[in-house]
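In: With the input below, show me the fold.
(one chain, ligands or ions: 2)
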Amino acid sequence: MHFFTLLTAAMFSVAVRADIETAASAPSSSAAAVSASSFTNATLQLSLSNTLSQANYYGAPIPPWEVGSHPGWYYGTDPAAIIGWVLPWLLDSLICDILDLLPFCLHCPVPKPPPKNGWVPTFSNLTGATQASDYMTYGLVDTIQGCETMCLNVNGCTFIDTYHDVNGKNGSPQLTCALFSLCHDASDADNKGGQTQPDGSVDYIIDSNGFCLHS
Ligand SMILES: *[C@@H]1O[C@H](CO)[C@@H](O)[C@H](O)[C@H]1NC(C)=O
Ligand SMILES: *[C@@H]1O[C@H](CO)[C@@H](O)[C@H](O)[C@H]1NC(C)=O
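Out: Ligands and ions are numbered 1, 2, ... in the order given. Purely as a prediction, here's the structure:
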């Protein structure tokens, strides 16, 4: 799986690089130089196509219950609250415009009507988070509703677990939002944290809530 991820990322780079070279060879007095904004665009395209691809679990290839994991994205209104990581902010218009052009990548979510039969709670307020092989991605959100919107925008997502990973977010107060393709009940919510953080603290989980999408 790891090899596949790297290979896919490399292919993306090549594809995007080819585009950039084509653009750069357009008639111009200085063919080798690009403006700062084109450079930013090109750099962002490369970086986003590598990190936010489906093959890379939309930026979070290591699931949250494994050592070394980090969230893949932030969908919420307070980017300044994200401390310690550089995460793509899914309400930034330039990031969203670029993601719209990239195949097999996460796109910025658009609010959608609630599913026909709603979100069915499968557990609430647990001190464990879902740990399962149908994991799709995880990121940070401000609210449970933000996590629901993410799931509605990721193809195949049917289950969300939102929780506070205390000490596990470099001090960010945001909710963790983990997406899965199958629904889970409390019996799978057995990630209790326990990972030692860079500052020596140990993380633990509170307020873990599971919701299954019944469309
Ligand atoms: C950068 O990308 C955005 C979104 O695709 C586009 O609107 C803008 O014109 C681009 N800027 C340059 C200099 O290419
Ligand atoms: C959630 O559980 C904690 C204990 O783990 C408890 O202190 C708190 O009151 C509970 N909250 C709700 C809304 O039930």
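
In: in this protein, which spans are helices?
Out: With DSSP state H as the criterion, the chain has helices at 2-24, 36-51, 93-101, 144-153.

In: Mean pLDDT lowest where, among those helices?
Out: Note on those: lowest mean pLDDT is at helix 2-24, with a mean of 33.

In: quick one: average pLDDT of stretch 186-195?
Out: 92.

In: Could you do stretch 157-174 as well?
Out: If you average the pLDDT over stretch 157-174, you get 87.

In: Can you get me the start-to-end distance on that stretch?
Out: Using Cα to Cα, to the nearest Å, one end of stretch 157-174 lies 21 Å from the other.

In: Name the residues of it that come out as buried.
Out: Residues 157-165, 167-169, 172, 174 are the ones in stretch 157-174 that count as buried (16 or more other Cβ atoms under 10 Å). C-beta here means a position set from N, CA and C on the backbone, and glycine is covered the same way.

In: For residue 88, see how far away the closest residue to residue 166 other than its chain neighbours is.
Out: Distance criterion Cβ to Cβ, 6 or more residues apart in numbering; nearest residue to residue 166, sequence neighbours excluded, is residue 204 at 5.3 Å. According to Cβ to Cβ, to the nearest Å, residue 204 stands 27 Å off from residue 88.

In: Name the residue in those two with the higher neighbour count.
Out: Per other Cβ atoms under 10 Å, whichever of residue 204 and residue 88 has more neighbours is residue 88, with 23 against 16.

In: Settle this for me: residue 167 is touching residue 202, isn't it.
Out: Yes - under the criterion of Cβ atoms under 8 Å, residue 167 makes contact with residue 202 at 6.5 Å.

In: what's the overlap in contacts for those two?
Out: Both residue 167 and residue 202 are contacted by residue 193, under the criterion Cβ atoms under 8 Å, 6 or more residues apart in numbering.

In: residues near the nearest residue to residue 76 once chain neighbours are set aside, how many?
Out: Spatial nearest neighbour of residue 76, excluding adjacent residues (Cβ to Cβ, 6+ apart): residue 142 at 3.6 Å. By the criterion of other Cβ under 10 Å, residue 142 has 17 neighbours.

In: Can you give me the distance of residue 142 to residue 210?
Out: Residue 142 sits at a distance of 19 Å from residue 210 (criterion: Cβ to Cβ).

In: same check, this time on residue 76
Out: Taking Cβ to Cβ, one finds residue 76 at 20 Å from residue 210.

In: partners of the strand of greatest length in the chain in the sheet?
Out: Assignment by DSSP state E gives strand 202-213 as the longest strand of the chain. Sheet pairing for strand 202-213, assigned by DSSP bridges, gives strand 119-126 (antiparallel), strand 159-166 (antiparallel), strand 193-196 (antiparallel).
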